[in-house]
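**Student:** just coords:
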């Protein structure tokens, strides 16, 4: 499908809109008590997930973090099993054991501890290199993760051993409630450049700008040169649920200027757009309802050892 | 006589020759140096490309190896000193040990992290500790500890070749140069090897691991059960010999090689007969392995447990000075004193 065709734009819009609707449904229903634990939505950052993961090959690996719903859905994960996981249901991605931050399906993995996913994802990339499988790994980081020391140990080894890995930094300029100005000295690209890792930087919410850049870097990574891509982005929602301390006007301005869904919608015929939205609404509604009706897991199978 | 070091080295060689998916990562592990304690000597020469010298990045190495294991290879990590394991704690506890269970049994992490613990070499507070107690009880993490009895190399090679879950393999610096006592030919002790009961499927430690029972040759039935692992088995042997010949107090040593998940069957069987239990470890005595063993024995045996004691290091950092270090760490004299106290 040529990247400029209507079909292609519609496909991208469908993915963006699916993530948007999923996350809105999560936020909207959290207060009703249908989900366990907490959640971290990626409202406003949907273009990163879709832009980076649309060009992924089947054997490629994704290691995501606490804000993983968009990545999971862009990877091709089933919304029903993700809703179910958040609800603690047996039909969830991990049978309700992991919850929002701990997902694994096919070659998609996530973990909720900052920084630690960097060496694990890089180790996976090195394993694939050792096996000559041709697979590459994408590791999603945030600006907040840049404070973790193990990340720099990892970048050093990734560069030393030429791991087929692409590090994607989603810089939404705020770590929970702490703005980057309070937590980050120096420059983000220089952190990667210091290890000799080629780094690209985009300040956009347009999926069609992110996609080719990510694809080029992924193929360079696949050839044994670790890569970094810094995506300056906007988090529309709170860190988790009700913990947004930013002024409402700033958020409104951000939504007006940097909405990846609106940007991509402008490329579609109104009728095509409406059709996609209606279909996606039906998909999300059905997924949510089905997950709601799914049973909880049965009792834990306690071995002698655990009793 | 084979030393523990030679046995572990041949265990690694065997694992490398048996399965091409086995890799080793660690600091200073390449020949001619072959690792700070020489456990990996010869490996990088025999298997170039599969032994990887790493930067000083314990967290990074363990994390990388966990990722390598998730993708079906069988990595071994050497952490130069057990003290440095704290640097990799997040990788072990929040990543490697979690993946299989939190991903609903859809992933496996066949990773072995080997490291030497222990003092008595004057290395001081940060290079002499016995820290495995901080990792014991981590769900999903199997902890093994060989001693100078039986086949330490086999314990290691089987962990590498047949494990499905992360293993922390606790070696001991003083054990390395000890000669191994073979159960069949030991002149001082009658040694019985039994296999620890296997926990249910899906729980780490599903592979059989040996427990060694040692009694002084020809001694009357024991009146004390002395349980310990690693280098402490050697001190326990010395104490048991002297107790037998100097005091006519007879001891059965029960030496498991798997610390976690805990399996107390052999310890309880022995303690049921003797009625007296001493748990001995080199780590700090508070909140330690011995505390867990004794708690379980008290639960299982009730009033049949006439006496229980534990012995470990004092709750202090380990001093560098020889005479001071000797005061902090458990020794033969203290094992004898505590034994005499309870008979």
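**Tutor:** Here it is on my side, so go on. Small disclaimer: the values here were computed from a predicted structure and weren't measured. Residues are numbered from 1 along each chain as shown, chains lettered A, B, ... in the order given.

**Student:** Assumed residue A:159 was part of a helix.
**Tutor:** Yes. Counting by DSSP: H, G, I helix; E, B strand; the rest coil, residue A:159 is found in a helix.

**Student:** That one - nearest residue in space that isn't next to it in sequence?
**Tutor:** The shortest distance from residue A:159 to any non-neighbouring residue, by Cβ to Cβ, 6 or more residues apart in numbering or on different chains, is to residue A:195 (4.4 Å). Bear in mind the C-beta positions are built from the backbone N, C-alpha and C, glycine included.

**Student:** Give me the neighbour count for the one you found.
**Tutor:** Number of residues near residue A:195 (other Cβ atoms under 10 Å in any protein chain shown) recorded here: 17.

**Student:** How about residue B:39?
**Tutor:** 24.

**Student:** Repeat that for residue A:162.
**Tutor:** Residue A:162 has 15 nearby residues by other Cβ under 10 Å.

**Student:** just the one 5 residues further on next, same as before
**Tutor:** Neighbour count for residue A:167, taken as other Cβ under 10 Å: 28.

**Student:** Go ahead and flag the most central residue of chain B.
**Tutor:** With distances taken as Cα atoms, centre = their mean, the residue of chain B nearest its centroid is residue B:145 (1.6 Å).

**Student:** which residues does residue A:113 contact?
**Tutor:** By Cβ atoms under 8 Å, 6 or more residues apart in numbering or on different chains, residue A:113 lies in contact with B:90, B:94-95.

**Student:** which ones among those come in contact with chain A?
**Tutor:** B:90, B:94-95 (Cβ under 8 Å from any Cβ of the partner chain).

**Student:** if we can go back for a sec, the residue nearest to the centre of chain B against residue B:135, yeah?
**Tutor:** No. In this structure, residue B:145 is not within contact of residue B:135 by Cβ atoms under 8 Å, at 11.5 Å.

**Student:** right, is the host helix or strand of residue B:214 up against chain A?
**Tutor:** Residue B:214 belongs to strand B:210-216 when assigned by DSSP states H and E. No. On the criterion Cβ under 8 Å from any Cβ, strand B:210-216 is out of touch with chain A, staying 15.7 Å away.

**Student:** Mind checking what helix or strand follows that strand in sequence?
**Tutor:** According to DSSP H and E, the helix or strand after strand B:210-216 is strand B:224-227.

**Student:** Check which helices and strands that next one is in contact with.
**Tutor:** In terms of contacts (3 or more Cβ pairs under 8 Å, 6 or more residues apart in numbering or on different chains; DSSP states H and E), strand B:224-227 is packed against helix B:232-242, strand B:251-256, helix B:265-274, strand B:276-284, helix B:332-342.

**Student:** what about residue B:212, neighbour count?
**Tutor:** 22.

**Student:** what about it, distance to residue A:216?
**Tutor:** Distance, residue B:212 to residue A:216, using Cβ to Cβ, to the nearest Å: 60 Å.

**Student:** Name all residues that make contact with the nearest residue to residue B:316 once chain neighbours are set aside.
**Tutor:** Leaving aside its sequence neighbours, residue B:316 sits nearest to residue B:328 (Cβ to Cβ, 6+ apart; 5.5 Å). By Cβ under 8 Å, 6+ apart, the contact set of residue B:328 is B:119, B:313-314, B:316, B:318-319.

**Student:** Can you say which helix or strand has the closest residue to the residue nearest to the centre of chain B other than its chain neighbours in it?
**Tutor:** Nearest residue to residue B:145, sequence neighbours excluded (Cβ to Cβ, 6+ apart): residue B:170, at 4.2 Å. Counting by DSSP H and E, the element that carries residue B:170 is strand B:167-172.

**Student:** Residue B:193 now?
**Tutor:** strand B:189-195.

**Student:** Parallel or antiparallel, which strands does that strand pair with?
**Tutor:** strand B:210-216 (antiparallel) (DSSP bridges).

**Student:** how about the strand it pairs with: buried residues?
**Tutor:** Going by neighbour count (16 or more other Cβ atoms under 10 Å in any protein chain shown), the buried part of strand B:210-216 is B:210-216.

**Student:** Against which helices or strands is the helix or strand hosting residue A:261 packed?
**Tutor:** Using DSSP H and E, the element containing residue A:261 is helix A:260-265. Under the contact definition 3+ Cβ pairs under 8 Å, 6+ apart, helix A:260-265 sits against helix A:6-30, helix A:46-53, helix A:207-222.

**Student:** Apply 10 Å and report the result again.
**Tutor:** On a contact count with 3 or more Cβ pairs under 10 Å, 6 or more residues apart in numbering or on different chains; DSSP states H and E, helix A:260-265 meets helix A:6-30, helix A:46-53, helix A:207-222, helix A:248-257, helix A:270-293.

**Student:** by how many degrees do the longest one and helix A:207-222 diverge?
**Tutor:** Using axes from the mean of the first three to the mean of the last three Cα atoms, to 10 degrees, the inter-axis angle of helix A:6-30 relative to helix A:207-222 is 100 degrees.

**Student:** which helices and strands sit right next to helix A:6-30?
**Tutor:** When contacts are defined as 3+ Cβ pairs under 10 Å, 6+ apart, helix A:6-30 sits against helix A:46-53, helix A:69-75, helix A:79-86, helix A:207-222, helix A:260-265, helix A:270-293.
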